[in-house]
Every structure is written in structure tokens, then in C-alpha cells.
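Undergrad: Sequence plus predicted model, see below.
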Amino acid sequence: MTVFLSLGTNEGNRERNIRRALCLLNIALGKHYKAVSDIINTKASGFEGPDFLNCVVAYELRLAPGALLRRCKRIERLMGRRDAPEFAADGSRIYHDRVIDIDILLYGNLEVDEPGLTIPHPQLDARPFFGELIAQVRRELDTRE
């Protein structure tokens, strides 16, 4: 099944953070990604902070979504991410700067709504660049078939 992940970073050497996360994902998933989008610069969303570098990467996986999430979170911690999700009194998420953020955007046609895991990603429509980067990756995948 084709899985689309987003990678984002706004701390330290952002390009190196993206490259390292891609390498660690390949190791953790036991395979090389099928395609990766351009790396783009975006404004911080949901908080005031430095700009982010973002990209989308596609893998072919047969891994349960929860297991994939655990591997992504392990990589985030390995790379130095320490913040736990924080929520305001109204239940909205409070965002912070981060060395790396790895999110599951799409997992084939699966829909998941569990504590800590929602697929498709709940911010997919709120952040138009996700759709643009997914489309770029899909074009890349189509040209390889």
C-alpha cells in the first residue's frame, strides 16, 4: 500500500534534518522510499516561529498504521524532539518549534480515527502545500510505472 509521509523541520540545519530523517526512515522501514517531493520553505502554522522546510515522501508498505506511527515517533525522539503534544483549554493543539516532525498523511485508502492517530491527516486540507507535494510525488510514481 502506498503511504505518504510529511517531514517538517524549523530548528537547526533544516536541510540536514530532512536528509537524516529520510535516511532513518529507510532504515526503520527496511526499504528505500519510492519517491520524494521537492523540499519547500513554508511559514510556521499555528504558532509564531521560524520558517519550516517540508517535503512529502512515499513508501510501499504492509506495516500496520500504528506500527508505522511508533517508528516515526522513535525517529523524532532519536533526532532530538522532546516535546509532547500539548493542548489548550479549548482542546486545540499548541504547536512549537521542532527539529523534525514526521506525520502520516495518507495510508492507501485507509481511514483511521484512534487516539493519537488520524488518517487522512487532519491538517491535510488546512495546509494546501501538502496536496501540492502529494501530487508531485504521485506524478513521480506514475512516471516510474
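TA: Looks like it arrived, so ask away.

Undergrad: So the residue of the chain positioned farthest from its centre: helix, strand or coil?
TA: Ranked by distance from the centre of the chain (Cα atoms, centre = their mean), the top residue is A89, with 26.0 Å. Classification of A89 using DSSP: H, G, I helix; E, B strand; the rest coil returns coil.

Undergrad: Please identify the helix or strand for R70.
TA: Taking DSSP states H and E as the definition, R70 sits inside helix 65-78.

Undergrad: Now that helix: buried residues?
TA: Neighbour counts over helix 65-78 (16 or more other Cβ atoms under 10 Å) mark 65, 68-69, 71-72, 75-76 as buried. Using the backbone N, CA and C atoms, a C-beta is placed for each residue, glycine as well.

Undergrad: Residues contacting that helix from elsewhere in the structure, which ones?
TA: Helix 65-78 is contacted by residues 3, 5, 21, 24-25, 28-29, 61, 63, 98-104, 107, 110, 112, 114, 116-117, 119 when judged by Cβ atoms under 8 Å, 6 or more residues apart in numbering.

Undergrad: Among those, which lie within helices?
TA: In this view, those that belong to helices under DSSP state H are 21, 24-25, 28-29.

Undergrad: In the chain, what helix or strand scores lowest on average pLDDT?
TA: strand 93-94 (a mean of 68; mean pLDDT, DSSP states H and E).
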